[in-house]
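[1] Okay, structure incoming, though there's no sequence with it:
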């Protein structure tokens with residue numbers, strides 16, 4: 001809504017994933033944004049195309065294309081990904097920020113990214129964190145809008161606060177919760193991220209990467225139950241120590257191998273036409289095959305959980321597998337809870 005004292009500086013458009021897709025500054029050409037793995041990779045404004053090169057989380061360089069001309073600028077950053085120096089064939093330019101990310105207007109060389117490796121909105125000078133989720137104002141040292149995870153969720157009581165008042169120790173790429181705090185919560189197993197799919201065929205490789213020692217894992221596991229969507233709490237498990245028996249990896253590998261053989265046998269048996277003759281046998285074989293998959297996943301989670309507290313523990317991979325277990329266990333219960341009753345009816 002506009003009035004005599006207000007004017008629209010820029011209009012913003014979002015894609016179906018709620019990421020900032022384009023913006024239209026007043027009296028300027030539209031700016032289009034393109035992402036790779038939810039990280040800004042390319043920005044196009046008229047004839048100018050700017051591309052960022054990075055390896056994992058490390059910023060390396062940016063290229064600017066105007067027609068047939070290409071300028072490449074190397075980026076020097078700190079551990080928080082803030083761009084501190086720009087280097088091209090004309091020289092070196094240094095950049096400085098306040099602790100909350102304020103930086104005066106650039107002159108000479110310009111960087112697409114700035115404080116904490118984030119793109120500063122050219123219309124306002126604010127950082128649109130979370131790929132446009134919330135605007136962070138480095139001058140006021142706070143967000144312009146409240147956090148949807150506040151006040152009772154992980155966002156904290158201050159819905160407008162930035163990284164809990166510690167911009168030196170933390171960053172906030174999502175606009176929800178600081179990256180450092182999120183990493184600590186993940187590694188502690190207090191929260192988990194939304195689950196992704198993971199094929200069972202990846203389990204052997206995951207086992208090879210796990211550390212082993214002389215301690216043992218309890219024979220009857222009590223797996224942590226994680227939230228199936230969003231960010232949720234994870235309960236404690238019953239692993240008897242922080243390490244796992246050296247034979248555990250081999251046991252898991254043999255379980256995976258046996259499961260694959262059993263699944264192949266079931267598929268051959270089902271396709272052979274015998275299903276119409278011995279439905280009870282088919283149902284029983286399907287149930288035991290499904291249950292063995294759950295057993296394999298349980299064992300893998302035991303081995304992975306035993307490495308908690310060490311640098312080898314991968315919380316994201318653990319949470320993905322845990323989420324898979326919950327999903328498959330739910331399907332098992334839905335399909336086979338009335339298993340014995342079904343077998344009884346078929347035999348009658």
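    Arrived safely, thanks for sending. Quick caveat, the model's predicted, so the values are computed rather than measured.

[2] Let me see the ranges of the helices in this structure.
    Remark: helices of the chain, listed N- to C-terminal, are 129-132, 179-187, 203-208, 248-271, 279-305, 315-336, 339-347; assignment by DSSP state H.

[3] Flag the shaky bits of the stretch 151-300 of the chain, pLDDT-wise.
    Where the stretch 151-300 of the chain drops to pLDDT under 70, the residues are 151-156, 177-250, 270-283.

[4] Go again with 50.
    Applying pLDDT under 50 to the stretch 151-300 of the chain picks out residues 190-198, 207, 210-249, 275.

[5] Residue 168 contacts residue 97, doesn't it?
    No. Residue 168 is not in contact with residue 97 according to Cβ atoms under 8 Å; the separation is 11.0 Å. Backbone N, C-alpha and C define where each C-beta goes, glycine included.

[6] These two: who's more crowded?
    For the pair residue 168 and residue 97, the greater number of neighbours falls to residue 97 (19 against 9), based on other Cβ atoms under 10 Å.

[7] so how far is residue 91 from that one?
    Spatial separation of residue 97 from residue 91 under the definition Cβ to Cβ, to the nearest Å is 21 Å.

[8] do residue 329 as well
    Residue 329 sits 61 Å away from residue 91, going by Cβ to Cβ.

[9] Please apply the same query to residue 130.
    Separation of residue 130 from residue 91 (Cβ to Cβ) stands at 34 Å.

[10] cool, residue 319 as well?
    Remark: distance between residue 319 and residue 91 (Cβ to Cβ) = 46 Å.

[11] now do residue 99
    Summarising the geometry, the distance separating residue 99 from residue 91, computed by Cβ to Cβ, is 27 Å.

[12] Beta-bridge partners for residue 33, please?
    On DSSP bridges, the residues paired with residue 33 through beta bridges are residue 43.

[13] Please work out how many residues are found near it.
    Using other Cβ under 10 Å as the criterion, residue 33 is surrounded by 21 other residues.

[14] What of residue 112?
    The number of residues packed around residue 112, counting by other Cβ under 10 Å, is 19.

[15] Can you read off the pLDDT for it?
    In the predicted model, residue 112 carries a pLDDT score of 85.

[16] Find the nearest non-adjacent residue to it, please.
    Nearest-residue entry for residue 112: residue 50, 4.9 Å, with adjacent residues in sequence omitted and distances by Cβ to Cβ, 6 or more residues apart in numbering.

[17] what are the bridge partners for the one you found, then?
    Following DSSP bridges, residue 50 is listed with bridge partners residue 43, residue 64.

[18] so it touches residue 61, yeah?
    No. Under the criterion of Cβ under 8 Å, residue 50 makes no contact with residue 61, lying 11.2 Å away.

[19] on that earlier part again, could you measure from the residue nearest to residue 112 over to residue 80?
    Distance of residue 50 to residue 80, given as Cβ to Cβ: 22 Å.

[20] Same question for residue 316.
    For residue 316 relative to residue 80 (Cβ to Cβ), the value is 21 Å.

[21] out of those two, which sits in the busier spot?
    residue 80 (17 against 11).

[22] circling back to that earlier point, residue 50 and residue 61: which is more packed in?
    residue 50 (23 against 15).

[23] okay but residue 35 is in contact with residue 119, surely?
    No. The pair formed by residue 35 and residue 119 falls short of the contact definition of Cβ under 8 Å, at 11.1 Å.

[24] Have a look at the two and say which one is more surrounded.
    With other Cβ under 10 Å as the criterion, residue 35 and residue 119 differ in neighbour count, and residue 119 comes out ahead with 22 against 15.

[25] list the contacts for the more buried one?
    33, 40, 43, 112, 113, 127, 128 (Cβ atoms under 8 Å, 6 or more residues apart in numbering).
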